[in-house]
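Undergrad: dropping a prediction and its sequence here:
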Amino acid sequence: MPTFSKSAFDFCDNFSRKNSLTCRRVSPDGISLNGVDFYIYISMDREGVSMAYVDCVGMLVYGLDLFLFECRNARVGPYDPTSGMSPDDTFEVSQSLKMLSGWGEDIINGGRSWIKEYPWKPRPIVDSEIAGNEEMFRRRK
């Protein structure tokens, strides 16, 4: 099972501070960027890094990277060997967060109107997505 490197976590942590979110490593392969009533769950598997929006009020999960790519035409450039970054988890995280900040600023800032744009049915939250963020759900009860 792949795990996030310290540099990938540090990149997420710096991003979260710039955007008034709180960064947490919730598992070796999961990082959450916590807002008030949501968090962005960044996970990694053999296929790479993915992002999901976890709605702590509605208890639903939205595929964030797919939404930004398909519905908002988010694009990030290909790997640039002169960038100083190697094509590893830190690079993938940086590309995902660049996409999020460029095409999902309203989402980062806690806006919820984008959910009306979401064309797919969100799925219920699974236990692995709650792990490490249980207190966010307890606050909502």
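TA: That came through fine. Numbers count the residues shown, from 1 in each chain.
Undergrad: scan the protein for its longest helix.
TA: helix 89-103 (DSSP state H).
Undergrad: let me see the mean pLDDT of the helix or strand following that helix.
TA: The helix or strand immediately downstream of helix 89-103 is helix 105-108, counting by DSSP states H and E. Here helix 105-108 scores 94 as its mean pLDDT.
Undergrad: contacts for helix 105-108, please.
TA: By C-beta atoms under 8 Å, 6 or more residues apart in numbering, the list of residues contacting helix 105-108 from outside reads N19, L21, G35, I40, Y53, L64, L100, S101, S113, W114. All C-beta spots, glycine's among them, are computed from the backbone N, C-alpha and C.
Undergrad: most neighbours among the residues you listed, please name it.
TA: I40 (27 neighbours; other C-beta atoms under 10 Å).
Undergrad: that one against D55, yeah?
TA: No. Between I40 and D55 there is no contact, the gap being 10.9 Å when judged by C-beta atoms under 8 Å.
Undergrad: what segments of this structure are strands?
TA: 22-27, 30-34, 38-45, 48-55, 60-63, 123-124 (DSSP state E).
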